[in-house]
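J.: Please work out how this folds:
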Amino acid sequence: MKEKVVEVMSLQGTLQKEELDSIELKATLALEEEKRKEAKGRAAELEAHEAKSASKVVAWAMEEFKASPKMKDLNITFG
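T.: Numbering: from 1, shown residues only. Okay, here's the model as predicted:
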């Protein structure tokens, strides 16, 4: 009978340890999910910023071309 009590106590200790490990793993998983969401949001922000920057560069290049002597010559020739 004493052996059974010792075995039950040992199993209870193992179960408690497993439950604690499970709680820690769930907390770690939740943190990783939060980091993933933040990284995904940041990536979307960077992509939007990149697209906006590219548009600004294209607009600037067009304005520079319009103001260039070559464009002025074309306007005079065809204008």
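
J.: any low-confidence regions in this protein?
T.: Counting by pLDDT under 70, the chain contains low-confidence ranges at 75-79.

J.: Select the longest helix from it.
T.: helix 2-67 (DSSP state H).

J.: now for that helix, which elements pack on it?
T.: Counting by 3 or more C-beta pairs under 8 Å, 6 or more residues apart in numbering; DSSP states H and E, no packing neighbours are recorded for helix 2-67 among the helices and strands. C-betas here are computed from N, CA, C, even on glycine.

J.: redo that, cut-off 10 Å
T.: Based on contacts counted as 3 or more C-beta pairs under 10 Å, 6 or more residues apart in numbering; DSSP states H and E, the elements that helix 2-67 packs against are helix 69-78.

J.: How much space separates the residue nearest the centre of the chain from Ser53?
T.: What sits nearest the mean C-alpha location of the chain, by C-alpha atoms, centre = their mean, is Ala39, with 1.9 Å. For Ala39, the distance to Ser53 equals 21 Å [C-beta to C-beta, to the nearest Å].

J.: what does Lys17 give?
T.: Using C-beta to C-beta, one obtains 53 Å as the distance from Lys17 to Ser53.

J.: again, but for Ala27
T.: Here the distance between Ala27 and Ser53 works out to 39 Å (C-beta to C-beta).

J.: what does Lys2 give?
T.: Distance from Lys2 to Ser53, counting by C-beta to C-beta: 76 Å.

J.: Good, wrapping up.
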